[in-house]
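Visitor: need a structure here:
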Amino acid sequence: MAAQSLITDEIRSWIGRETPPWTISVSRLDVQRFAVATDDLNPRILDEEKATQSIHDGLIAPPLFYMAPLTEPKPESELRPDGLPYEGKFPIPPTPLPRLMDGGTEIEFFEPIRVGDVLTGRSKIVDIYQKEGRSGALIFVVRETTFTNQRGEMVLIEKGASILR
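Guide: This next block holds a predicted model:
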C-alpha cells in the first residue's frame, strides 16, 4: 500500500520557482583564505607570477570556491530547528516535514572562476517528489543552479537535492 502523498498542490506549485539572482565578487583575499582553509596550495591560486604563466593566464579560484559565500551568517535565534536559515539561496517550500538534509550535488564546470570575477547565481526548483524511507516519508526538492560571470559566460551548473524528513 502506497503512503499518502504529503505533496500538496501548494507545494507542487513551487516547481519552476526561481530565486532572484545574487552576485559573488571573487576577491584575491577570499580565494586565498578558501585555498588555505581547504589546503589547496596550488600556485595557480596563490602565486600571481606562476599563475600568469599557466594556461589560465592569471589567478583562479579552487573549483568549489563558489560555495563558500553562499550563506550569510545568521544568529541562532533566526535559524530553523535543523540549524539552517529560513531564507537562503536555495528555495525550499514549506512542508509538514521539519528537518532538511543534503541529498547530493552534481556540478558541471565550464569556465574557471578567476580572481576579479563577479559571479551571478540563479537557482530554480526543477522537481519535487516523495519517497518512503526507513523512518517514514521523505520529500525531495531538486534544484538547478547556474553561475555566470560578468562576461555572460556559463561558469558552472549545479544540480542538487534537498531531503525533508
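Visitor: what about the protein, any weak spots by pLDDT?
Guide: Scanning the chain with the threshold set as pLDDT under 70 gives 1-3, 70-71, 82, 84-89.
Visitor: Helix, strand or coil: sort out T105 for me.
Guide: The local conformation at T105, judged by DSSP: H, G, I helix; E, B strand; the rest coil, is strand.
Visitor: wouldn't V155 be in contact with R114 here?
Guide: No. Look at V155 against R114 with Cβ atoms under 8 Å: they stay out of range, at 9.4 Å. Placement of C-beta: from N, CA and C, glycine included.
Visitor: Can you work out which residues contact both of the two?
Guide: Contact criterion Cβ atoms under 8 Å, 6 or more residues apart in numbering; residues bridging V155 and R114 by contacting each: N149.
Visitor: for this protein, longest helix please?
Guide: helix 28-37 (DSSP state H).
Visitor: what comes into contact with that helix?
Guide: 40-42, 45-46, 59, 61-62, 65, 68-69, 115-116.
Visitor: quick one, strands of this protein?
Guide: Using DSSP state E, the strands of the chain run over residues 22-25, 100-109, 118-133, 136-148, 154-164.
Visitor: out of these, which comes closest to S54?
Guide: strand 100-109 (16.4 Å; Cβ to Cβ).
Visitor: what residue is smack in the middle of this protein?
Guide: M67 (5.8 Å; Cα atoms, centre = their mean).
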